[in-house]
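**Student:** Test case, fold it:
(chains A and B)
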Amino acid sequence: MDYQLLVDIFPQVLLDGIILGFMYALIALGYTMVYGVLEFINFAHSEIFIVGAFVGVEILLSLKGAGLLEALPWPLVLVLILAAGMAGSAALAVSVERIAYRPLRQAPRLIPLISAIGVSFFLQDLIRLVESVWRNAFNLVYPTLDVLNERFELTSTLDVSVKSLVVIVAALAMLWALHAIVNRTKVGTAIRAVAEDQAAASLMGINVNRIISLTFLIGGAMGGAAGVLFGVQYGLINPYSGFIPGLKAFTAAVLGGIGNIPGAMIGGIVLGLLEAFAASYLSLLTGGAFGAEYKDIFAFSVLILILIFRPKGLLGEVVRERA
Amino acid sequence: MSRYPVRVTTVLLAALALVALPAASHLAAQGKGTVKIATQSPLSGGQAALGEGIKLGTQLAVEKFKSPLEKMGYKVELVPFDDQAKPDVGVANAKNIIADKDILVVIGHLNSGVAIPSSEVYKEVNLAMISPANTNPTITDRGYASVYRVCGRDDVQGVVGSEFAHGSLKAKTVYIIHDKTTYGQGVAEFFKADAEKKGVKVLGFEGTEEKSNFDPIITPIKAQNPDLIYFGGIYEQAGPFFKQAREKGVKSKFLGPDGMDSSDLTKIAGKAVVGMHYTSVAGPVSVYPQAKQFAEEYKKKFGKNPEPFAAQAYDATAIAMKAIEATAKGGKAPTREAVTTGIRGVRHTGITGAVEFDAKGDPKKALYFVLQVVSDNPEKWGDNKEVKRLVIAAPSK
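**Tutor:** Predicted coordinates for the structure are as follows:
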């Protein structure tokens, strides 16, 4: 075995894992916040996430078509697509809640879950329909801004591209903003109150429906931001691209302790790292017997182990003790 | 007024319509019946560019060659099916196809992994399948009388690739990625076996179904810095992989099999794939002098350049029409059995060259190309440079 190689790639794999982890963390927040207030899994969140990516690519393509892509300063373009992606996904998340979940709120818990799965399929094919009519395309390519692909060599074995830095900075900023909203504002207090006890919160004068919509809005916006960052980082999206990252992010939310916001962030990063290390190291360590295709099996085996010993996830469920 | 008479009228009208409809359609097909030609290829999803080319190539051929059959009193129809590049969908379509007695031949598929299980279904009723694009050896090695292809095979194509890698690119080390499908993994294994025989060091052999994030696969490749990366798979996955590899600073040369052969590769990967080589069993239309008219008609009718395999589908259809015509000449209605047997005897010089089938259904001699991507403009895919052209007989086993 080539030990030098194992050591050499370590920092790069760590960085790849962290970037992937931040992406999972941003998506996982949507699952965990909704679970926190409604105790149900919004399976349509993977499509809400990818809609953000589609809004981003549509804006980039329109700018390119108008010849503005090169003319505008790139940080402005990035802020523009991030904001638009967040707005698009947030609006979608709120409408999905209003149309598909709110009428079912009093129904047994499995019913909105099934509704969510239905919405997920519906949205996948709706995106596909719209894109095939609008652009006659299935795979959409993010137009490349050359400046984003520039790389800095930190050491001889580690380099980082501008877009990776953008992903990390944007994800950190989002997570910090979310943390501030939930813990330091009146609205955040209201969200936490609704999560703890809906009935009591409404008796205290909190408009529960509004707070639930707001939760979907924030979760959707985080998902949309993740979608845009996903597109910028990996370059190619299609209507079904959201499914696997969505599933992984849901797993990350469970890993961190579903309903728990810091837990979702930690769960995302742990899962991202597990996946990156498994994909890069498995075939080197086993001499090719197990290749990168086993990365999910490895990552999920570790996940099962963690959940056996900590059934409530890494940070546990801090939100409630409900009677 | 009572609503009763209205209801009676409605029921009567409905009944009349039921009786009249079959009568009307019978009137339309007044002649001896309908001859249907089915296509199976991905018409939706990420591989639709090639799949659509197969359908449109067939459509053009049906329109061009249908008049003799029409003169005999048959109506000729094209029935396109979308196999979505998925084996289960292909088999489900195949069951519908064999249920329609008018379908006498299937032109398809794009993916070997779809063609193999689907052709098991066609075989049940002895329905002929002529493949324009499937290169996996298993397709014909099963020895089914109803299975034909007009293109070459991966056990040859993989070797053509490794010979080029070793002889022309002078690669000493290679890293192989494949997509875990019958086609992709198959051709990658043939490439690997022959490369090792030639003394090229294989640094890694990695299968992945990943479609977007290739970072963790690229990192070990970059650290080992192979002379060449071979991707056994299809452009929709290879495109993002090559793009991300270049963006991450990988300097190795790229090589792939005919799954790279679509203008969508440059649409996805842009500059990253300019200068890369790929082997193919289907040259771009520009390398076949006889295909010029075909390319012009295609462009005029469908408003785009023919994708690779469109010309092969055109030729496959021409062969099928010839066989149907021959069996219909005696005045008897053509049957699936007669068409299946008839195809073996067809000698056809089409736009991609002369085709003559051997006992297994392979073309006796097939063309193999090594091509080089010349431009990051998808419109210019047809101008890709022909680096090498080989005529190789199908291996006899």
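**Student:** For stretch B:176-195, list every residue counted as buried.
**Tutor:** For stretch B:176-195, a neighbour-count test (16 or more other C-beta atoms under 10 Å in any protein chain shown) marks B:176-192, B:194-195 as buried. Where you see a C-beta, it was placed from the backbone N, CA and C, and this is true even at glycine.
**Student:** Can you sort out which of these also neighbour chain A?
**Tutor:** Restricting the buried residues of stretch B:176-195 to those near chain A by C-beta under 8 Å from any C-beta of the partner chain leaves residue B:180.
**Student:** can you tell me which of the buried residues of stretch B:176-195 are in strands?
**Tutor:** B:176, B:177, B:178 (DSSP state E).
**Student:** Mind listing the residues bridging to the last one?
**Tutor:** Partner residues in beta bridges with residue B:178: residue B:207, residue B:232, with DSSP bridges as the criterion.
**Student:** Identify the residues contacting it.
**Tutor:** For residue B:178, the contact set (C-beta atoms under 8 Å, 6 or more residues apart in numbering or on different chains) comprises B:184, B:185, B:187, B:188, B:189, B:205, B:206, B:207, B:208, B:231, B:232, B:233.
**Student:** which element is the residue in chain A positioned nearest to chain B on?
**Tutor:** Using C-beta to the nearest C-beta, the single residue of chain A nearest to chain B is residue A:279, 3.4 Å away. Element membership for residue A:279, per DSSP states H and E: helix A:261-285.
**Student:** State the next helix or strand along the chain beyond that helix.
**Tutor:** helix A:295-309.
**Student:** which parts of that next one are buried?
**Tutor:** Neighbour count says helix A:295-309 has A:295, A:296, A:298, A:299, A:300, A:302, A:303, A:306 buried, by 16+ other C-beta under 10 Å.
**Student:** Stretch B:298-315 now?
**Tutor:** B:298, B:302, B:305-315.
**Student:** Which positions in the stretch 1-150 of chain B make contact with chain A?
**Tutor:** B:44, B:45, B:46, B:48.
**Student:** residues touching residue B:225, list them.
**Tutor:** With C-beta under 8 Å, 6+ apart, residue B:225 has these contacts: B:250, B:251, B:252.
**Student:** So it versus chain A, what's the distance?
**Tutor:** Distance, residue B:225 to chain A, using C-beta to the nearest C-beta, to the nearest Å: 11 Å.
**Student:** Checking residue B:374 next. Helix, strand or coil?
**Tutor:** coil (DSSP: H, G, I helix; E, B strand; the rest coil).
**Student:** one step back: scan the residues of the stretch 1-150 of chain B next to chain A and report the most crowded one.
**Tutor:** Counting neighbours by other C-beta atoms under 10 Å in any protein chain shown, residue B:48 leads the residues of the stretch 1-150 of chain B next to chain A with 25 neighbours.
**Student:** Of all the helix elements in chain A, which one is longest?
**Tutor:** The helix spanning the most residues in chain A, taking DSSP state H as the definition, is helix A:3-38.
**Student:** need the next SSE after that one, C-terminal direction.
**Tutor:** Going down the chain from helix A:3-38, the next helix or strand is helix A:45-65, by DSSP H and E.
**Student:** Give the buried residues for that next one.
**Tutor:** Neighbour-count burial for helix A:45-65, with 16+ other C-beta under 10 Å as criterion, is recorded at A:45-61, A:63.
**Student:** Do any residues in that helix lie close to chain B?
**Tutor:** No - applying C-beta under 8 Å from any C-beta, one finds helix A:45-65 separated from chain B by no less than 10.1 Å.
**Student:** With adjacent residues omitted, what lies nearest to residue B:188?
**Tutor:** Sequence neighbours aside, residue B:232 is the residue nearest to residue B:188 in space, at 2.8 Å (criterion: C-beta to C-beta, 6 or more residues apart in numbering or on different chains).
**Student:** ok, now residue B:47?
**Tutor:** residue B:85 (4.8 Å).
**Student:** cool, residue B:153 as well?
**Tutor:** residue B:137 (5.2 Å).
**Student:** my guess is the one you found meets residue B:149, correct?
**Tutor:** No - with contact defined as C-beta atoms under 8 Å, residue B:137 does not reach residue B:149; the gap is 10.5 Å.
**Student:** before we move on, the earlier item: what would the ones in strands among the buried residues of stretch B:176-195 look like in JSON lines with pLDDT?
**Tutor:** Formatted as JSON lines, those follow (pLDDT from 0 to 100):
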{"residue": "B:176", "pLDDT": "96"}
{"residue": "B:177", "pLDDT": "95"}
{"residue": "B:178", "pLDDT": "95"}
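**Student:** quick check, nearest of those to residue A:202?
**Tutor:** Of all those, residue A:202 sits closest to residue B:177, with 56.0 Å by C-beta to C-beta.
**Student:** just checking, what packs against the helix holding residue A:279?
**Tutor:** If you count contacts as 3 or more C-beta pairs under 8 Å, 6 or more residues apart in numbering or on different chains; DSSP states H and E, helix A:261-285 packs onto helix A:3-38, helix A:162-184, helix A:243-256, helix A:295-309, helix B:215-224.
**Student:** For the residue of chain B found nearest chain A, which non-adjacent residue is spatially closest?
**Tutor:** The nearest approach of chain B to chain A comes at residue B:216, 3.4 Å away (C-beta to the nearest C-beta). Leaving aside its chain neighbours, residue B:216 sits nearest to residue A:279 (3.4 Å; criterion: C-beta to C-beta, 6+ apart).
**Student:** Neighbours of the one you found, how many?
**Tutor:** If you count neighbours by other C-beta under 10 Å, residue A:279 ends up with 32.
**Student:** What residues does the stretch 151-300 of chain A have near chain B?
**Tutor:** A:151, A:157, A:159, A:161, A:230, A:233-238, A:241, A:275-280, A:283-284, A:288, A:291-293, A:295.
**Student:** So which residues of the stretch 251-397 of chain B form strands?
**Tutor:** B:253-256, B:277-280, B:348-350, B:353-355, B:365-372, B:385-393 (DSSP state E, counting those that start in this stretch).
**Student:** State the pLDDT value of residue A:257.
**Tutor:** On pLDDT, residue A:257 comes in at 89.
**Student:** and it, how many residues sit next to it?
**Tutor:** Neighbours of residue A:257 using other C-beta under 10 Å come to 24.
**Student:** Assign the closest residue to it other than its chain neighbours to helix, strand or coil.
**Tutor:** Spatially, and ignoring its direct neighbours in sequence, residue A:257 is nearest to residue A:313 (3.0 Å; C-beta to C-beta, 6+ apart). Here residue A:313 takes the coil state, with states given by three-state DSSP.
**Student:** Can you give me the distance of residue A:313 to residue A:20?
**Tutor:** Look at residue A:313 and residue A:20: by C-beta to C-beta, to the nearest Å, they are 19 Å apart.
**Student:** do the same with residue B:152
**Tutor:** Counting by C-beta to C-beta - residue B:152 and residue A:20 are separated by 40 Å.
**Student:** One more: residue B:322?
**Tutor:** Where residue A:20 is concerned, residue B:322 sits at a distance of 55 Å (C-beta to C-beta).
**Student:** Can you pick out the residue with more neighbours from these two?
**Tutor:** Comparing residue B:322 with residue A:20 by other C-beta under 10 Å, the one with more neighbours is residue A:20, at 28 against 18.
**Student:** Please look at the more buried one and residue B:213 and confirm they touch.
**Tutor:** Yes - using C-beta under 8 Å, residue A:20 makes contact with residue B:213 at a distance of 6.4 Å.
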